[in-house]
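A.B. asks: Can you look at this prediction? I've put the sequence above it.
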Amino acid sequence: MVFPRLHTIGRRGLSLLLSVLAVCLLSSCSGHDLPGARQAFYQGNYQLALEELGQEEPEGKDAVLFLMERGTVYQAAGLYEQSSMDFIEAGDIIDQLETYSVSEGVGSWVVNDTVYSFEGAPFEQTLLHSMTALNHLAGGNWEDGGVEARRIIHSLRPDERGEEYPDDPFSRYLAAFILEMTGDSSNAEMQYGLVNELLPDISIDAQGHISAAGLDKGMAGGSQADRELVCFILLGHSPTAREMRGRFDSSFYMPGIQIYAGNKYLGDAVILTSISRLAISTWKLEAPARIAKMAARIAAKEALARSVEDQDALLGALTRIVLIGMLEGPDLRRWETLPRWLAVARIPYSGELSGLEVHLPGTVPERGQVIQVSRPLVKRGNVLFSFVRDLPGFNAELPPAASATLK
């Protein structure tokens with residue numbers, strides 16, 4: 001048994017230990033209001049989201065999660081450099097956590113798996129590099145984007161992510177696009193080929209051009225089109241803990257996505273990845289080991305409670321209430337400010353584009369949404385890059401005063 005023997009700590013010592021464990025659990029998230037920050041984030045109140053998270057340097061077992069969430073807030077506010085700094089620091093901490101911690105392993109038997117330092121699921125670790133890459137491209141930093149592209153590819157290797165875990169076509173496509181734009185055409189073609197294999201209902205050629213049933217590439221410029229728009233589109237809310245635990249995927253209705261320039265229709269986008277499905281698939285894969293460990297832990301806690309109960313009924317009841325009633329539960333920490341769908345549009349056009357509109361038709365016309373995009377718009381050769389998220393103010397130019405306040 002992993003618990004200390006009763007006679008080694010005594011009645012008063014055990015009572016004190018139970019009290020400390022309960023207080024530690026109840027106060028573990030007191031440093032910042034993560035639910036409040038997430039709510040403010042989805043409402044477009046990025047200043048409030050940052051206030052709820054706090055600006056102190058992250059430390060402790062939730063440091064990676066804190067940096068993921070704060071980096072997403074910075075990105076939504078258009079502060080790409082600050083966002084990248086948080087994402088990169090989160091990745092560095094994950095690298096340091098690869099060495100197994102004996103103390104955390106023992107603690108997980110006494111409390112639950114939340115005593116482990118949060119590292120994120122394999123798909124979250126890949127998306128950490130994808131979100132960083134989008135930041136770099138938004139600032140026209142293609143060289144650093146190339147670094148993240150290679151990190152994306154490395155994270156998606158079967159021996160790195162785990163062969164049983166799902167792949168991420170969107171992140172592979174993003175990596176391929178960056179490699180293409182930075183002159184590594186052979187590796188770009190290889191990655192486009194892998195994306196094509198992952199998506200049987202979509203055809204992607206060696207140059208990244210996309211064909212799918214019902215996909216209209218548009219007639220922008222017709223045969224005279226000499227430029228190309230490549231726009232990465234992030235939509236919706238990441239699944240909640242309830243959806244993951246219930247294995248319920250509400251993303252069965254994937255929105256249509258149309259790209260316009262003013263009143264001119266340019267073409268459609270196609271969804272490559274459902275983060276909801278990645279999250280639920282990961283939860284299902286880990287369920288057997290998680291349930292087995294929880295059952296063994298509860299049995300050990302119950303055995304300890306009974307041994308205490310034999311000598312002191314009241315203290316035995318307290319032991320059971322604290323160790324099982326208060327401290328027992330699954331680790332539900334995850335990066336919840338991620339979107340739900342990840343899409344890309346690759347469309348030929350001619351002339352100049354000073355802005356875009358992303359139309360998301362609803363099931364009825366009056367429920368549709370139009371996203372005005374004025375940033376980022378980054379040219380490289382004959383390609384115009386942008387990325388979009390359906391959050392308030394995400395793609396609008398921020399007034400200087402607002403930018404200074406958020407920094």
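C.D. replies: Right, received. Where do you want to start? Bear in mind that the values here come from a model prediction, so they are computed numbers and not experimental data.

A.B. asks: any idea which residue sits dead centre in this protein?
C.D. replies: L338 (4.2 Å; Cα atoms, centre = their mean).

A.B. asks: who's in contact with the closest residue to that one other than its chain neighbours?
C.D. replies: Excluding the flanking residues, the one nearest L338 by Cβ to Cβ, 6 or more residues apart in numbering is S238, at 4.1 Å. Yep, even glycine has a C-beta here, placed from its N, CA and C like the rest. Listed by Cβ atoms under 8 Å, 6 or more residues apart in numbering, the contact set of S238 reads 275-276, 279, 334-340.

A.B. asks: Tell me where the stretch 201-350 of the chain has strands.
C.D. replies: 202-204, 210-212, 227-235, 258-261, 264-268, 270-274, 341-349 (DSSP state E, counting those that start in this stretch).

A.B. asks: A343 against A212, yeah?
C.D. replies: No - between A343 and A212 there is no contact under Cβ atoms under 8 Å: 11.3 Å.

A.B. asks: Quick check: neighbours shared by these two?
C.D. replies: Joint contacts of A343 and A212 (Cβ under 8 Å, 6+ apart) are V270.

A.B. asks: These two: who's more crowded?
C.D. replies: A343 (23 against 15; other Cβ atoms under 10 Å).

A.B. asks: ok so, going back, go through the strands of the stretch 201-350 of the chain and name the closest to G78.
C.D. replies: strand 227-235 (14.2 Å; Cβ to Cβ).

A.B. asks: Pull up the gap between the residue lying closest to E336 once chain neighbours are set aside and I271, please.
C.D. replies: Closest residue in space to E336, ignoring its immediate chain neighbours: S238 at 5.0 Å, by Cβ to Cβ, 6+ apart. The gap separating S238 from I271 is 15 Å, by Cβ to Cβ, to the nearest Å.

A.B. asks: go on, R380?
C.D. replies: For R380, the distance to I271 - Cβ to Cβ - is 25 Å.

A.B. asks: So for the two, which sits in the more crowded spot?
C.D. replies: Applying other Cβ under 10 Å to R380 and I271 shows that I271 carries more neighbours, namely 22 against 13.

A.B. asks: Show me what the more buried one is bridged to.
C.D. replies: A343 (DSSP bridges).

A.B. asks: tell me the contacts of it?
C.D. replies: For I271, the contacting residues are 254-255, 257, 341-343, by Cβ under 8 Å, 6+ apart.

A.B. asks: now do 7 Å
C.D. replies: I271 makes contacts with 254, 341-343, as judged by Cβ atoms under 7 Å, 6 or more residues apart in numbering.

A.B. asks: cool, and S203?
C.D. replies: 196, 211-212.

A.B. asks: Could I get the pLDDT score of it?
C.D. replies: At S203, the pLDDT value in this model is 94.

A.B. asks: same deal with the one 3 residues further on?
C.D. replies: The predicted structure scores A206 at 94 on the pLDDT scale.

A.B. asks: and it, how many neighbours does it have?
C.D. replies: If you count neighbours by other Cβ under 10 Å, A206 ends up with 15.

A.B. asks: ok, R389 to P166 distance?
C.D. replies: R389 is 22 Å from P166, by Cβ to Cβ.

A.B. asks: repeat for D310
C.D. replies: Computed as Cβ to Cβ, the D310 to P166 distance reads 49 Å.

A.B. asks: Specify which residue of those two has the higher count of neighbours.
C.D. replies: The neighbour count for D310 versus P166, taken as other Cβ under 10 Å, is higher for P166 (19 against 10).

A.B. asks: Can you point out the helix or strand that includes N395?
C.D. replies: Applying DSSP states H and E as the criterion places N395 outside every helix and strand.

A.B. asks: contacting residues for it?
C.D. replies: 371-375, 388.

A.B. asks: Quick check on the residues you listed: which are buried?
C.D. replies: 371, 373, 375, 388 (16 or more other Cβ atoms under 10 Å).

A.B. asks: Can I get the residues you listed in a markdown table including distance to S186?
C.D. replies: Shown next, in a markdown table, are these (distance: Cβ to Cβ, whole Å):
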| residue | distance to S186 |
| --- | --- |
| I371 | 35 |
| V373 | 32 |
| R375 | 32 |
| V388 | 30 |
